[in-house]
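Trainee: Quick one: sequence plus predicted model below, questions after.
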Amino acid sequence: MDLRNERELANTREKLRRSEVLYEADERETGGDEELREAEMESLKRLINQFKEEIARYETRTAATGGLSASAERGGGAGVPAAAEGR
């Protein structure tokens, strides 16, 4: 998925934060089904990496356009800086 605006960027950053908290909690967990915990951690790690990649792609794309949002690149709100678009 490609992030389209600052709101989606903020939401993805929050999902990343929450996923990292869950991953860290799993790392500290003891007892229970070790195989299940490892599978959950592997899945969380993939999700964390996906969120990081989406954020990096968005930031790279907006930096390349001088801070304009992706919708501005397509002509929707042309000339509006990405930071002002979410207002």
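Mentor: Cool, got the structure. It should be emphasised that the depicted structure is a prediction, and the values quoted were computed from it without experimental measurement.

Trainee: Check which helices and strands the longest helix seen in the chain sits against.
Mentor: Scanning the chain for the longest helix, with DSSP state H as the assignment, gives helix 34-64. Contacts defined by 3 or more CB pairs under 8 Å, 6 or more residues apart in numbering; DSSP states H and E place helix 34-64 against helix 6-28, helix 70-73. C-beta: built from backbone N, CA, C; applies to glycine.

Trainee: Kindly recompute the last result at 7 Å.
Mentor: Helices and strands touching helix 34-64, by 3 or more CB pairs under 7 Å, 6 or more residues apart in numbering; DSSP states H and E, are helix 6-28.

Trainee: and the residue of the chain most remote from its centre, which of the three is it?
Mentor: Note on the chain: the largest C-alpha distance from the chain mean falls to residue 31, namely 30.9 Å (CA atoms, centre = their mean). With DSSP: H, G, I helix; E, B strand; the rest coil as the basis, residue 31 sits in coil.
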